[in-house]
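Undergrad: fold the following, please.
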Amino acid sequence: MNYQNEIRNFIHQNLSISEDNIEFSDDDNFFKLGFVNSLFAMKLVNFVEQRFGIEVENEDMDLKNFSTVNNLLALIHKKVNV
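TA: Numbers count the residues shown, from 1 in each chain. A predicted model of the protein is given here:
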């Protein structure tokens, strides 16, 4: 499984709404769409750190980095390739 699919699966499994057929693109902001909440944000940071073996530092804690699948991928690739 690639990073993109792992992120998408995590998001789908942790949505704050209970509909299984929610669809979003890799550029959709799932916070603005109302699919997630602040608890999800903490889970997402923890997931990224644990799964990809990176440390999310204070300067990385910008909502933009965590708002879309593609933004998350960019952050992960930046941190993994440092």
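
Undergrad: can you map out the helices along the protein?
TA: Using DSSP state H, the helices of the chain run over residues 3-13, 38-52, 63-66, 69-80.

Undergrad: among these, which comes closest to residue 22?
TA: Of all the helices of the chain, it is helix 3-13 that lies closest to residue 22, at 7.1 Å by C-beta to C-beta. C-beta coordinates here come from the backbone N, C-alpha and C atoms, glycine included.

Undergrad: who are the packing partners of the closest one?
TA: Applying 3 or more C-beta pairs under 8 Å, 6 or more residues apart in numbering; DSSP states H and E, one finds that helix 3-13 contacts helix 38-52, helix 69-80.

Undergrad: 7 Å instead?
TA: helix 69-80 (3 or more C-beta pairs under 7 Å, 6 or more residues apart in numbering; DSSP states H and E).

Undergrad: what lies in contact with the helix it packs on?
TA: 3-4, 7-8, 26-27, 48, 52, 54, 60, 64-66 (C-beta atoms under 7 Å, 6 or more residues apart in numbering).

Undergrad: ok, 10 Å please
TA: 2-8, 10-11, 24-30, 44, 47-49, 51-57, 60, 62-66, 68 (C-beta atoms under 10 Å, 6 or more residues apart in numbering).

Undergrad: try stretch 9-18
TA: Against stretch 9-18 from outside (C-beta under 10 Å, 6+ apart): 1, 20, 22-24, 30, 33-40, 43-44, 47-48, 51, 68-69, 72.

Undergrad: can I get the helices of the chain in CSV including mean neighbour count?
TA: Below are those laid out as CSV (neighbours: other C-beta atoms under 10 Å):
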stretch, mean neighbour count
helix 3-13, 15
helix 38-52, 14
helix 63-66, 15
helix 69-80, 16
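
Undergrad: just put those helices in TSV and tack on mean pLDDT.
TA: Shown next, in TSV, are those (pLDDT from 0 to 100):
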stretch	mean pLDDT
helix 3-13	90
helix 38-52	93
helix 63-66	93
helix 69-80	95
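
Undergrad: neighbours of residue 34, how many?
TA: Counted with other C-beta atoms under 10 Å, the neighbours of residue 34 add up to 10.
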